[in-house]
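**Student:** Take a look and give me a structure for this.
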Amino acid sequence: MSRAAIATRDEPAGAPTPPTISLRRVTMTRVRPTGEHVVAFEDLTFDVERGEFLCLIGPSGCGKTSTLSVIAGLERPTSGEVLVDARPVSGPGPDRAVLFQEPALFPWLSVRGNVDLALRFAGVPDAERDERAATWIARMGIEGSAALQPHELSTGMRQRAALARALACDPPILLGDEPFGALDALARERLQDIVQRVRVERAGRTTFVFATHNVREAVLLADRVLVMSAAPGTLLEEFRIDAPRPRTLDDVLVARVVSEIHDLLIGEVEEP
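**Tutor:** Got it, this is the predicted structure:
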């Protein structure tokens, strides 16, 4: 799978730390209403280390979203094993926050109410809840909109609110299913910058796994990019990125990796 490891990092000395997420020969097959069996992805095996930022990328229909779903515990794979902290995943859990392409905010609550409710569910004490909610709403640059309901916000602002809600709960794992895919270019760049800063500040504390169809986004954000084949999805290549953060597309290493992944994907979708 690792034809092109663009940059490598020295492993720390001492006993190895168990991976936060492990997939072992995982396959997902769905049954259409016609009775036809369709393989979304097959035989996926990979680990995600604690504190790592991993991006999954591949052609449409390759199974990126389905892979995130089995990690989140929203779906069960047809075969194989999914582990989080060495324990089998049997369903959703508070250790895994999920960002969707369409922000899943409660429409009857304000931005502040959405963040506060998530903190209540997480068992955060009253005295700490107010400060945490205010801090993360401010970190996302939406403090002036804290009293507004989701329908009063732009798509970018709603996604910032969803990100504030997720990070306020201090999740060990943050999963993103193309969370910036519905945004315009400017809103997308702003959120990419925010996530880059959060990644640096929470180094070692939060493990990120994002699925995206945007090659530039994957290379800007990730420590490692896994490229999936066309459906049924399998793992084609692994790219490790060591460019310092914050990254820009002008960085020579970033541009080089973007070009290599792009060429690989073009070759994949053009194969007969």
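**Student:** When you work out contacts or count neighbours from here on, use the C-alpha atoms and nothing else.
**Tutor:** Will do.
**Student:** For the closest residue to residue 246 other than its chain neighbours, grab the count of nearby residues.
**Tutor:** Of all residues not flanking residue 246 in the chain, residue 196 sits nearest, at 6.2 Å (C-alpha to C-alpha, 6 or more residues apart in numbering). If you count neighbours by other C-alpha atoms under 10 Å, residue 196 ends up with 17.
**Student:** what sits up against the helix or strand where residue 196 lies?
**Tutor:** Here residue 196, judged by DSSP states H and E, is contained in helix 185-201. Contact partners of helix 185-201, identified using C-alpha atoms under 8 Å, 6 or more residues apart in numbering, comprise 53, 140, 156, 160, 180-181, 206, 217, 220-221, 245-246.
**Student:** Show me which of these is closest to residue 93.
**Tutor:** For those, the closest approach to residue 93 (C-alpha to C-alpha) belongs to residue 206, at 15.0 Å.
**Student:** Quickly note the distance from the residue nearest the centre of the chain to residue 181.
**Tutor:** Centroid-nearest residue in the chain, with C-alpha atoms, centre = their mean: residue 210, separated by 2.1 Å. Relative to residue 181, residue 210 is positioned 11 Å away (C-alpha to C-alpha, to the nearest Å).
**Student:** Could I get the contacting residues of the residue of the chain most remote from its centre?
**Tutor:** Most distant from the centre of the chain: residue 34, at 32.3 Å, with distances by C-alpha atoms, centre = their mean. Applying C-alpha under 8 Å, 6+ apart to residue 34 gives no contacts.
**Student:** so it, which of the three states?
**Tutor:** For residue 34, the secondary-structure state derived from DSSP: H, G, I helix; E, B strand; the rest coil is coil.
**Student:** biggest helix in this structure by residues?
**Tutor:** Longest helix of the chain, by residue count under DSSP state H: helix 252-270.
**Student:** pretty sure residue 44 is touching residue 236, no?
**Tutor:** No: between residue 44 and residue 236 there is no contact under C-alpha atoms under 8 Å: 10.4 Å.
**Student:** More neighbours: the two, which one.
**Tutor:** Comparing residue 44 with residue 236 by neighbour count (other C-alpha under 10 Å), the higher total belongs to residue 44, at 20 against 17.
**Student:** The more buried one and residue 224, how far apart?
**Tutor:** 16 Å.
**Student:** Can you give me the neighbour number for residue 35?
**Tutor:** With other C-alpha under 10 Å as criterion, residue 35 counts 8.
**Student:** For residue 212, give me the pLDDT.
**Tutor:** On the pLDDT scale, residue 212 is placed at 94.
**Student:** again but with residue 7, I slipped
**Tutor:** At residue 7, the predicted lDDT confidence score is 38.
**Student:** gap between the helix or strand harbouring residue 54 and the chain center?
**Tutor:** Assessed by DSSP H and E, residue 54 sits inside strand 53-57. Mean C-alpha position of strand 53-57 versus that of the full chain (C-alpha atoms, centre = their mean, to the nearest Å) differs by 7 Å.
**Student:** avg pLDDT for the helix or strand following it?
**Tutor:** The helix or strand immediately downstream of strand 53-57 is helix 64-72, counting by DSSP H and E. Averaging pLDDT along helix 64-72 gives 96.
**Student:** As CSV, could you dump the C-alpha coordinates of helix 64-72?
**Tutor:** Provided in CSV are the C-alpha atoms of helix 64-72 (Å, rounded to 0.1, in the frame of the first residue of the first chain):
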residue,chain,number,x,y,z
LYS,A,64,-15.0,6.9,2.4
THR,A,65,-18.2,7.7,4.1
SER,A,66,-18.9,4.1,4.9
THR,A,67,-15.5,3.7,6.4
LEU,A,68,-16.2,6.6,8.7
SER,A,69,-19.6,5.2,9.6
VAL,A,70,-18.1,1.9,10.8
ILE,A,71,-15.5,3.8,12.9
ALA,A,72,-18.2,6.0,14.4
